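K.L.:
Predicted model, plus sequence, below.
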Amino acid sequence: MRDTLDRLKEEALAALADAGSSEALQAWNRRYLGKKGALTQMLRSVGELPKEERPAFGQATNAVKVDLEAAYDARTEAVRQAEMARDLAQGAIDVTLPGRPAGSGHLHLTTQTLRQIYDIFAEMGFQVYEATDVETDTYNFELLNMPPHHPARDMWDTFWINDELLLRTHTSPGQIRVMRERYPEPIRVILPGKCYRYEQITARSEHQFYQVEGLAVGHNITMTDLIGTLTEFARRFYKPDRRIRIRGSYFPFTEPSIEADMDCILCNGAGCRVCKYTGWVEVCGAGMVHPVVLKNGGYDPAEWSGFAFGFGVERPALMKYNIDDIRLFYRNDLRFLRQF
Ligand code: FA5
């Protein structure tokens with residue numbers, strides 16, 4: 001048995017020295033070390049030996065296995081190097097080929113839209129104020145005149161982090177933050193940012209989307225200022241001849257509250273699928289800042305007044321660029337993104 005083992009080792013090492021390619025090495029490995037390989041068979045035959053000879057023979061066979069494995073690793077590395085040198089010599093890898101140019105990226109449609117919005121409001125004297133995505137219940141609801149169990153909270157269900165922290169459902173909590181920071185100065189800001197809602201995703205609704213809030217606080221600010229600002233925005237963002245329609249609405253943090261609609265850009269008010277055959281599409285929710293909210297922000301409603309509005313960013317972009325599904329904004333599909 002011992003002789004057979006020694007012969008096997010010699011034969012295997014000689015065959016290994018002859019194996020000059022990756023394929024030959026794999027075949028060698030199967031033949032000697034594989035599951036059905038010669039050495040594995042030999043290890044299995046230990047059981048056929050007399051009991052007293054088994055430990056010594058088992059040890060010797062294992063030692064041969066270790067030697068053969070080490071020889072195999074060394075040979076594999078040598079063959080790999082040789083193959084690489086051969087490929088290089090034959091020009092299989094042409095290191096002088098110019099690399100593929102990395103495509104240059106561009107701004108996402110949401111960012112482009114946000115920047116258009118910033119530019120328009122900057123010209124009307126609005127600064128950009130950024131508040132936080134993670135909000136407290138107090139700012140997102142209570143200070144906006146929605147105490148616990150207020151039914152309006154149902155419209156804005158969201159993702160809760162714990163009993164007090166949540167992902168903001170709208171940019172309106174920023175109103176309180178900016179008022180508390182700026183008091184007693186007059187304010188004219190827009191507050192852009194991402195909002196989150198626990199709601200059904202559809203072609204028009206996402207669970208995350210951008211809003212831009214607007215807030216003006218000063219002396220003698222009226223509804224006329226609000227309507228003028230929204231009309232001016234619609235005309236600059238869409239087309240100069242846009243018409244705006246005002247409807248009464250309800251938000252707990254504005255009084256009176258309105259919703260502004262614009263004549264449908266796709267059918268010019270004639271009625272189509274997008275405007276649900278009404279000729280009008282919603283632009284934003286808005287209103288005069290509620291006295292309770294002014295007070296919560298530190299401004300005395302007897303002296304100060306203000307307006308606020310809030311609109312989405314993706315939905316106006318859908319209209320402007322004739323896109324039929326809001327989900328495309330978050331799908332990272334370059335075929336969509338490259339069009340803008
Ligand atoms: C609000 O969020 C109010 N905070 C707006 C407001 C601000 C009113 C200041 C008064 C004063 P609303 O839930 O309607 O309102 O959302 C405003 C806009 O956000 C919508 O018109 C729409 O453009 C956008 N929006 C709302 N939900 C979604 C959604 N799931 N996906 C995409 N856009 C959405």
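P.N.:
All right, it came through fine.

K.L.:
With just CA atoms, put stretch 39-59 into CSV.
P.N.:
Extracted C-alpha coordinates of stretch 39-59, given in CSV (Å, rounded to 0.1, in the frame of the first residue of the first chain):
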residue,chain,number,x,y,z
LEU,A,39,-6.1,10.0,-3.8
THR,A,40,-9.6,10.2,-2.5
GLN,A,41,-10.1,6.5,-3.5
MET,A,42,-7.0,5.6,-1.7
LEU,A,43,-8.2,7.4,1.5
ARG,A,44,-11.4,5.4,1.3
SER,A,45,-9.5,2.1,1.0
VAL,A,46,-7.9,2.7,4.5
GLY,A,47,-10.8,0.7,5.9
GLU,A,48,-9.6,-2.4,4.0
LEU,A,49,-6.3,-2.5,5.9
PRO,A,50,-5.6,-4.4,9.1
LYS,A,51,-6.7,-2.3,12.0
GLU,A,52,-3.1,-1.6,13.3
GLU,A,53,-1.9,-0.3,9.9
ARG,A,54,-4.8,2.1,9.4
PRO,A,55,-3.6,5.2,11.5
ALA,A,56,-0.1,5.3,9.9
PHE,A,57,-1.5,4.8,6.4
GLY,A,58,-4.2,7.4,6.9
GLN,A,59,-1.6,9.9,8.1
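
K.L.:
Could I get the buried residue list for that stretch?
P.N.:
Judged by neighbour count using 16 or more other C-beta atoms under 10 Å, the buried positions of stretch 39-59 are Leu39, Met42, Phe57. Bear in mind the C-beta positions are built from the backbone N, C-alpha and C, glycine included.

K.L.:
Likewise for stretch 283-296?
P.N.:
Buried residues in stretch 283-296, counted by 16+ other C-beta under 10 Å: 283-291, 293-296.

K.L.:
Point out the residues in the stretch 151-300 of the chain that sit beside the ligand.
P.N.:
With the criterion set to C-beta under 6 Å from any ligand atom, the stretch 151-300 of the chain comes near the ligand through 170, 172, 197, 199, 205-206, 209, 211, 213, 251, 254, 282, 284-287.

K.L.:
Identify all contacting residues around stretch 332-340.
P.N.:
The contact list for stretch 332-340, computed with C-beta atoms under 8 Å, 6 or more residues apart in numbering, reads His108, Leu109, Gln112, Tyr321, Leu328.

K.L.:
Kindly recompute the last result at 6 Å.
P.N.:
Here stretch 332-340 makes contact (C-beta atoms under 6 Å, 6 or more residues apart in numbering) with Leu109, Leu328.

K.L.:
pLDDT averaged over it - what is it?
P.N.:
On average, the pLDDT along stretch 332-340 is 94.

K.L.:
From the chain's centroid, how far away is it?
P.N.:
Using C-alpha atoms, centre = their mean, to the nearest Å, the distance from the centre of stretch 332-340 to the centre of the chain it belongs to is 15 Å.

K.L.:
the strands in the stretch 151-300 of the chain, which residues?
P.N.:
In the stretch 151-300 of the chain, the strands defined using DSSP state E, counting those that start in this stretch lie at 165-167, 187-196, 208-218, 244-249, 254-263, 280-289.

K.L.:
The last one - contacts with which helices or strands?
P.N.:
Pointing back at strand 280-289 there. In this structure, strand 280-289 makes packing contacts with strand 254-263, strand 305-312, judged by 3 or more C-beta pairs under 6 Å, 6 or more residues apart in numbering; DSSP states H and E.

K.L.:
and with 10 Å instead?
P.N.:
strand 208-218, helix 223-237, strand 244-249, strand 254-263, strand 305-312, helix 314-321 (3 or more C-beta pairs under 10 Å, 6 or more residues apart in numbering; DSSP states H and E).

K.L.:
Just give the nearest non-adjacent residue to Arg243, would you?
P.N.:
In this structure, Arg243 finds its nearest non-sequential neighbour in Asp263, 4.6 Å apart by C-beta to C-beta, 6 or more residues apart in numbering.

K.L.:
rewinding a little: of all the helices and strands packed on strand 280-289, which one is nearest Ser22?
P.N.:
Among the helices and strands packed on strand 280-289, the nearest to Ser22 by C-beta to C-beta is strand 208-218 (49.9 Å).

K.L.:
State the mean pLDDT of the closest one.
P.N.:
Computed over strand 208-218, the mean pLDDT rounds to 98.

K.L.:
same thing with stretch 101-115?
P.N.:
Per-residue pLDDT over stretch 101-115 has a mean of 93.

K.L.:
Now for the closest residue to Ser257 other than its chain neighbours: which residues touch it?
P.N.:
Nearest non-adjacent residue to Ser257, counting by C-beta to C-beta, 6+ apart: Gly287, 3.8 Å away. Counting by C-beta atoms under 10 Å, 6 or more residues apart in numbering, Gly287 makes contact with 223, 226, 248-251, 253-259, 306-310.

K.L.:
Great, nothing more from me.
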